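Asks: Here is a sequence together with a model predicted from it:
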There are 4 protein chains.
Amino acid sequence: MYTTNISVSGQLIDSGLLLQVFDSVANLGGEFKILQTEFGKTKAEKGRAIIQVGADTCEGLDKILSRVKELGAEVLDGKNVQLAIVEQDGVCPDGFYASTNIETYVCLDGQWVPVDDIEMDCAIVVDTRKRTARCCPIARVVRGQHVVVGASGIRVASMASARATEVFSFMGSDVSSERPKALIVEQVASEMKEVRNRGGKILVIAGPAVVHTGAGCHLSRLIDAGYVNLLYAGNAVATHDVEWALLGTSLGVRLDDGTSAPMGHTHHLRAINAIRKAGGLKPAVKQGVLTKGVMHSLITNDVPYVLAGSIRDDGPLPDVITDAVEAQDAMRKNLKGVEIALMLSTMLHAIATGNLLPARVKTICVDINPAVVTKLADRGTFQAIGIVSDVEWFLKELAGYLAAD
Amino acid sequence: MYTTNISVSGQLIDSGLLLQVFDSVANLGGEFKILQTEFGKTKAEKGRAIIQVGADTCEGLDKILSRVKELGAEVLDGKNVQLAIVEQDGVCPDGFYASTNIETYVCLDGQWVPVDDIEMDCAIVVDTRKRTARCCPIARVVRGQHVVVGASGIRVASMASARATEVFSFMGSDVSSERPKALIVEQVASEMKEVRNRGGKILVIAGPAVVHTGAGCHLSRLIDAGYVNLLYAGNAVATHDVEWALLGTSLGVRLDDGTSAPMGHTHHLRAINAIRKAGGLKPAVKQGVLTKGVMHSLITNDVPYVLAGSIRDDGPLPDVITDAVEAQDAMRKNLKGVEIALMLSTMLHAIATGNLLPARVKTICVDINPAVVTKLADRGTFQAIGIVSDVEWFLKELAGYLAAD
Amino acid sequence: MYTTNISVSGQLIDSGLLLQVFDSVANLGGEFKILQTEFGKTKAEKGRAIIQVGADTCEGLDKILSRVKELGAEVLDGKNVQLAIVEQDGVCPDGFYASTNIETYVCLDGQWVPVDDIEMDCAIVVDTRKRTARCCPIARVVRGQHVVVGASGIRVASMASARATEVFSFMGSDVSSERPKALIVEQVASEMKEVRNRGGKILVIAGPAVVHTGAGCHLSRLIDAGYVNLLYAGNAVATHDVEWALLGTSLGVRLDDGTSAPMGHTHHLRAINAIRKAGGLKPAVKQGVLTKGVMHSLITNDVPYVLAGSIRDDGPLPDVITDAVEAQDAMRKNLKGVEIALMLSTMLHAIATGNLLPARVKTICVDINPAVVTKLADRGTFQAIGIVSDVEWFLKELAGYLAAD
Amino acid sequence: MYTTNISVSGQLIDSGLLLQVFDSVANLGGEFKILQTEFGKTKAEKGRAIIQVGADTCEGLDKILSRVKELGAEVLDGKNVQLAIVEQDGVCPDGFYASTNIETYVCLDGQWVPVDDIEMDCAIVVDTRKRTARCCPIARVVRGQHVVVGASGIRVASMASARATEVFSFMGSDVSSERPKALIVEQVASEMKEVRNRGGKILVIAGPAVVHTGAGCHLSRLIDAGYVNLLYAGNAVATHDVEWALLGTSLGVRLDDGTSAPMGHTHHLRAINAIRKAGGLKPAVKQGVLTKGVMHSLITNDVPYVLAGSIRDDGPLPDVITDAVEAQDAMRKNLKGVEIALMLSTMLHAIATGNLLPARVKTICVDINPAVVTKLADRGTFQAIGIVSDVEWFLKELAGYLAAD
């Protein structure tokens, strides 16, 4: 749904003006909502109404706007987008427009051009010759580029349409552990099946609790069954997964019986060292050093992954991208076609990925801590649906639906 | 393990005194631990050692103490217990001894008498003629009774022995969601089997999340399979369970599809009213009004339950004991023979029950909120093992082990 | 703002019917909002619009409704209230209307009668002779009374007007510790001053953390300065307050230096016993046993208090009302005139009090745990404003504003 | 306190062997603790005792060990340290010893050499010619270096001595908001005064809540008063601090009245862009762009800071070190002389800094979320003292003690 606001002034009631506007919108298949009305005290006095009009396509909306302009309505956002030139690499012009994560169009010479690479908190760079536009992080704008400034000539799809999809709608925005979650897992599973069947991509963002709780095996089953097309994580997930594959423990706790291994607190360092020795995770798989686990499943199934570094990392593994800006770029590169993002017990990576995702991506955040979902939404990933639950059993149930033998 | 401290003074090293003490203890099957030593600067100077000695039984410890007294050691806690008379109903003498929840003995005329009805924060009432002792809440002491005062002549089993049992030991005291919980559920299940096989009782304390998450059916399966011998809960659990049985919802949310029922927020009031009309839960079952759910399972399986009231209750149901002191008494009445207490998603009832339980009861507290377990332990129920997880899946897994068809 | 919905059907556009309705509402000082419109495909086809109309008073709304009825609109909620007779004490008729905590009117023989004792989750009992109505808990309805059933003839003030008041509006509904709280305390202080100056009542609901953190002295200062007109708490608050007054500790921790007292875990029992011996808190003050603390301040300033019992209580103190239903009644009795409810670090008592409060009472909930505010709102006390912060410093700051020497 | 274990075997009791050992240790000013004893069943049978011996200095311990070896005791850790050669940059030899954060010595040719740059989870690199040893992260070892392998010849100061210092001891390890915190702040203030007076360094690690809550001004006062010698933070702290300085908001919320600014969610991007334009924070101060705030205080007081990047950063500011490994190195560089680390509302940076700190640094972690302190301790920073409280008021109180005008 694309919407914009129009203003209608005059003798609203007697003249029938308002009704003509409603009529035109309805005739053209559009919708309208009266946002504000100031009727005159007498019928003769002038009044003013602000009306939101919407249509399913940008083009449909254009038609409606043309018609109501003829009737005398003023279109409140109908101007061309304003551009300014970047004078210094990585620095935007003052007053640059900061993008949201919702589908956006900019008006170039009277035409609505869709913005590519939708991502929140970016500048919009316009190629005036090719008549294209795309989101670009501040640090990546280059001298001489045209960047959108101001607020006119920009149209953003309404939030409502970005959010609610039939299947997901019943979960609402509730962040609560006190709801029946078995139903929700079933819904997520059926959504994942659909996405896979139509060739969409599923992104998993995982935190170390996935491995610590022994749920790595369920994630591996999902990978083997083709339900993970992309994985984002940090050094810790891969390290403890390797620790388990090589030494049977995660953070020193044996996953087969829950006991602590003697000197287990050093195991992750030995795991890191073994992979560094092999030259990385892929060589380790090739050399037969790494023979099981989540990373092994990803590599043997050719599923791309991004391991992003953090200042709390030990090691790190050679596969980790230690530079935060480079890691963000690597994550951006793979997002085309992603339809579902499954965030599993990680606040840092969930928020970081949420920052890069268009709002149209169905985003499910599973965490035992309700604050993670709240923070994620507060930071702009409003479309995230929170499941406050135990990731171990979430993955077990999900794999039960999708990867039963 | 019963322990007490002794003091050995003199020329510890040259005289061989210390070694004689160690020797005697070891010969009598006891254990010792040197708590503190002050050796003289020269061999000739006198020193002092405080030594903890322990034995498996109170009698064994007595033998050891007799022997080391002959060697010249001083037994630090060996006096008779002191008693004072209650002068006013419900008021203890000044300086009364406040009990712990650990197995305790009091020394009456040189003999160690076990204290019955072990419960923390109580007075110990002694029947001097029958030579018996028992824990009694302050509010329940009666004029003329003898109550233990001071600290001498009291022996408490060491905490260590109260806590660690083989099966449970691997869980340690860790309160964390980042551990493999599937293993833990398996252990709990096998412990419950053993307890049932040897005729021990299993107490379940349940909070409303059990019903809200749709896990009531798993709890019913456990009841039907004979794994629940006693249930403590509040008005809310029973109310929402009845709400589900009568109207299909819990707090207005339909448990079969997760959607909200129109006017669902009034459903619990209609459920309460229906049971009030029937005259209580048992009449409602008899009349065919209540035909399923947790309360139905309890009643049809003749499992006793205590529903304790709270100031946040609506209604309440006629079965609820609204007086807090009476409710505590009702809970106390059933505790004999309880070997396992399973606390499911309730802070208030978990702490209240924990207050009444002897520490020897294996206490498992399942909550998605780690603070509940921490609080429980802080309030004296140190033996509680915390499982930070989702109660819905905990019960599903547990019922899978114990009540598979 | 009182609102109701009307339906307008017919040739909406050409006939000018819709505009006439808008016109009438506006002329009578009302407001309208188009909720739904179905215009015909051609101008001649019939359509239907659902319009919400509102006015500042119930009477104003009645005038508007009379006028629009003349124009052909259908008033969707305009019937008389339906009544049924109570046949059994404590049991409502089937289909009884369950109240909300918002100002409510019922239509008796065409007249809108305000409902007294507004409280959520109650029945509405109507005295048909006196033409009065009031909220009544299910357990308190009596055989022969008339109770409202069904949904017609009931008008509830809109939530919006119940919520937003100028002073409080800036806080929004945000529950977050990451906001500047110094500003909020200042606002609360200024609001409390105003309420006191106009003779309104301030209710404080306190949890034991107030005492444990050493903030009892700040609460005493507020009581002494006349800013507390009513206090609700449990046995624990009073017990630890007395423990501090008699023994210098709270839960065994010395409040002057933060160290643990030897045998401190028994101090609260000695405090309880001392007050039981004295015969209660007031006698203890009279006898000179209790000479300081929060309870002492309440008693010497003649501020009424309700101590409500719970199954986790030790003792309890003789002042505690141990029966939950009686305690609720005692709490209800004092609520007339309360304009501010300050909930300090207690989930149980906050929710219990929230259940009894009309939504018009400004409700401020201070807790270090954001879940308390969320739960409070989920349970119907939607008007509560959460301050996620440390109660110790909240009270210190507040007393700094209101009770500086 | 340096400790090691010895084993004494033989006819322990009759021979007087055990007593001779105790005697020697005591005569040399050491302490001992019997860890384990297996006495023979008869006096003649052989037994074995494991005894922990300790002394205040490594040298003192050496003397004791020499003496007890003469008596026939076996010193369990007395061998030379084992070394292996690094064959590949950034890869340790198999079986390398992983360091703890506690003062450590290695035995080189019979002499105990202290390990420099103490840091947990590192390798220990030994310079065999210079006879020095130091901690080195795995990624930084270089081909040809000697690294400690195995466990012999390594001595670690006991944890006990690392932890408890008089001033801090009263706080214990309790992580609770239910304790009097005013006392704790006073203690922290007095400790900071002492450290400053003796020329020690104070490190502050800050999270964005410091700025969001409006507490930046209190931190600035502490900086201006000379109580901050080093600051570690992320891009967000500096960004929102600049946002406040330039636009009056933090995350779009005006800090002077708590209201949201229109388009406030873009303010942080404008702040970042402004600093990027200026070429960094220091140029921005020089150019008069940045005239107040925490970063301004640091720069004008010449206090070094490290801003470490993360994948959730916008921008980032030019001052941010985006590479995680480089950022860790920058943090390591400044740690010499740090005696107090004050961690304020940041989990990521607290854990990252905790990883680098020797355990002897007094570490205070202030967070409203108790889980942060628990995690910090779980990850090895066991010395951290948690203050569960509101950072806004903690800083206000602290600045009141240390930076009152």
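Replies: Received it, and whenever you're ready, just let me know what you need. Numbers count the residues shown, from 1 in each chain, chains lettered A, B, ... in the order given.
Asks: which residues of the stretch 251-400 of chain A fall in strands?
Replies: Counting by DSSP state E, counting those that start in this stretch, the stretch 251-400 of chain A has strands at residues A:253-254, A:305-308, A:338-344, A:362-367, A:385-388.
Asks: what residue is smack in the middle of chain A?
Replies: In chain A, the centroid-proximal residue (C-alpha atoms, centre = their mean) is A:L357; its distance is 2.6 Å.
Asks: Identify the residues contacting it.
Replies: A:L357 is in contact with A:N101, A:E119, A:L335, A:V338, A:A341, A:T363, A:T381, counting by C-beta atoms under 8 Å, 6 or more residues apart in numbering or on different chains. Yep, even glycine has a C-beta here, placed from its N, CA and C like the rest.
Asks: can you do 6 Å?
Replies: Applying C-beta atoms under 6 Å, 6 or more residues apart in numbering or on different chains to A:L357 gives the contacts A:A341.
Asks: same check, this time on A:D302
Replies: Neighbours of A:D302 in contact, by C-beta under 6 Å, 6+ apart: none.
Asks: returning to that earlier point: now the strands of the stretch 251-400 of chain A as JSON lines including mean pLDDT?
Replies: Formatted as JSON lines, the strands of the stretch 251-400 of chain A follow (pLDDT from 0 to 100):
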{"stretch": "strand A:253-254", "mean pLDDT": "92"}
{"stretch": "strand A:305-308", "mean pLDDT": "98"}
{"stretch": "strand A:338-344", "mean pLDDT": "97"}
{"stretch": "strand A:362-367", "mean pLDDT": "94"}
{"stretch": "strand A:385-388", "mean pLDDT": "90"}
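Asks: Tell me which of the ones you listed sits nearest to chain D.
Replies: Among the strands of the stretch 251-400 of chain A, the nearest to chain D by C-beta to the nearest C-beta is strand A:305-308 (4.7 Å).
Asks: Show me which residues of the stretch 151-300 of chain A are close to chain B?
Replies: Where the stretch 151-300 of chain A comes near chain B, counting by C-beta under 6 Å from any C-beta of the partner chain, the residues are A:170, A:177-178, A:180-181, A:183, A:209, A:212-214, A:255, A:258-259.
Asks: Of the residues you listed - the most surrounded one?
Replies: Most neighbours among these, by other C-beta atoms under 10 Å in any protein chain shown: A:T213, with 29 neighbours.
Asks: Report the contact partners of that one.
Replies: Contacts for A:T213 (C-beta under 6 Å, 6+ apart) come out as A:E392, B:P180.
Asks: What are the phi and psi values at it?
Replies: A:T213 has phi and psi values of phi -80, psi 0 when expressed as degrees, to the nearest 10.
Asks: Over to the one 10 residues further on?
Replies: Main-chain dihedrals, A:I223, degrees, to the nearest 10: phi -60, psi -50.
Asks: pretty sure it is touching A:S297, no?
Replies: Yes. At 4.1 Å, A:I223 counts as touching A:S297 under the criterion of C-beta atoms under 6 Å.
Asks: And the helices in the stretch 151-300 of chain A?
Replies: A:159-163, A:166-169, A:181-197, A:209-212, A:216-224, A:235-247, A:267-278, A:281-286, A:294-300 (DSSP state H, counting those that start in this stretch).
Asks: can you redo these as CSV with distance to chain D and mean pLDDT?
Replies: Listed next are those as CSV, based on distance: least, C-beta to the nearest C-beta, whole Å; pLDDT from 0 to 100:
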stretch, distance to chain D, mean pLDDT
helix A:159-163, 14, 43
helix A:166-169, 25, 41
helix A:181-197, 22, 93
helix A:209-212, 11, 96
helix A:216-224, 20, 98
helix A:235-247, 9, 98
helix A:267-278, 5, 97
helix A:281-286, 13, 98
helix A:294-300, 19, 98
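Asks: still on that earlier bit, export the strands of the stretch 251-400 of chain A to a markdown table and tack on distance to chain C?
Replies: Shown next, in a markdown table, are the strands of the stretch 251-400 of chain A (distance: least, C-beta to the nearest C-beta, whole Å):
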| stretch | distance to chain C |
| --- | --- |
| strand A:253-254 | 28 |
| strand A:305-308 | 24 |
| strand A:338-344 | 20 |
| strand A:362-367 | 14 |
| strand A:385-388 | 11 |
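Asks: can you pull the pLDDT of A:F32?
Replies: Here the pLDDT value assigned to A:F32 is 79.
Asks: So what sits opposite it in the bridge?
Replies: Beta-bridge partners for A:F32, by DSSP bridges, are A:V53.
Asks: Give me the neighbour count for it.
Replies: Per other C-beta under 10 Å, the neighbour tally for A:F32 reads 21.
Asks: How much space separates it from D:L317?
Replies: Spatial separation of A:F32 from D:L317 under the definition C-beta to C-beta, to the nearest Å is 45 Å.
Asks: just A:A261 next, same as before
Replies: The gap separating A:A261 from D:L317 is 43 Å, by C-beta to C-beta.
Asks: Check the residues of the stretch 151-300 of chain A next to chain B against chain C and report the nearest one.
Replies: Ranked by distance to chain C (C-beta to the nearest C-beta), those are led by A:E178 at 8.8 Å.
Asks: Can you tell me the SS state at A:S24?
Replies: Three-state assignment for A:S24 (DSSP: H, G, I helix; E, B strand; the rest coil): helix.
Asks: thought it was touching A:R67?
Replies: Yes. Contact criterion C-beta under 6 Å: A:S24 and A:R67 qualify, at 4.7 Å.
Asks: low pLDDT regions in chain A?
Replies: For chain A, applying pLDDT under 70 flags the ranges A:13-16, A:37, A:39-45, A:78, A:158-176, A:405.
Asks: need the contact list for A:A245.
Replies: For A:A245, the contact set (C-beta under 6 Å, 6+ apart) comprises A:L290, A:K292, A:G293.
Asks: Burial check on the first one, number of neighbours?
Replies: Residues near A:L290, counting by other C-beta under 10 Å, number 24.
Asks: Over to the last one?
Replies: The number of residues packed near A:G293 is 24, by other C-beta under 10 Å.
Asks: Verify the contact between it and A:H240 for me.
Replies: No. Contact criterion C-beta under 6 Å: A:G293 and A:H240 do not qualify, at 9.3 Å.
Asks: Of A:A261 and D:L317, give the one with the bigger neighbour count.
Replies: Each of A:A261 and D:L317 has its neighbours counted (other C-beta under 10 Å); D:L317 has more, 24 against 15.
Asks: measure that one to chain A for me?
Replies: Taking C-beta to the nearest C-beta, to the nearest Å as the measure, D:L317 and chain A are separated by 10 Å.
Asks: what about the strands in the stretch 51-200 of chain A?
Replies: Assigned by DSSP E, counting those that start in this stretch, the stretch 51-200 of chain A shows strands spanning A:74-75, A:82-85, A:104-108, A:111-116, A:123-127, A:132-136, A:146-149, A:154-156.
Asks: closest one to A:E392 among these?
Replies: Smallest distance to A:E392 across those (C-beta to C-beta): 36.5 Å, for strand A:132-136.
Asks: just to revisit the earlier point, now tabulate the helices of the stretch 151-300 of chain A in JSON lines and tack on distance to D:L71.
Replies: JSON lines is the format used below for those (distance: least, C-beta to C-beta, whole Å):
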{"stretch": "helix A:159-163", "distance to D:L71": "79"}
{"stretch": "helix A:166-169", "distance to D:L71": "76"}
{"stretch": "helix A:181-197", "distance to D:L71": "65"}
{"stretch": "helix A:209-212", "distance to D:L71": "47"}
{"stretch": "helix A:216-224", "distance to D:L71": "53"}
{"stretch": "helix A:235-247", "distance to D:L71": "40"}
{"stretch": "helix A:267-278", "distance to D:L71": "38"}
{"stretch": "helix A:281-286", "distance to D:L71": "51"}
{"stretch": "helix A:294-300", "distance to D:L71": "54"}
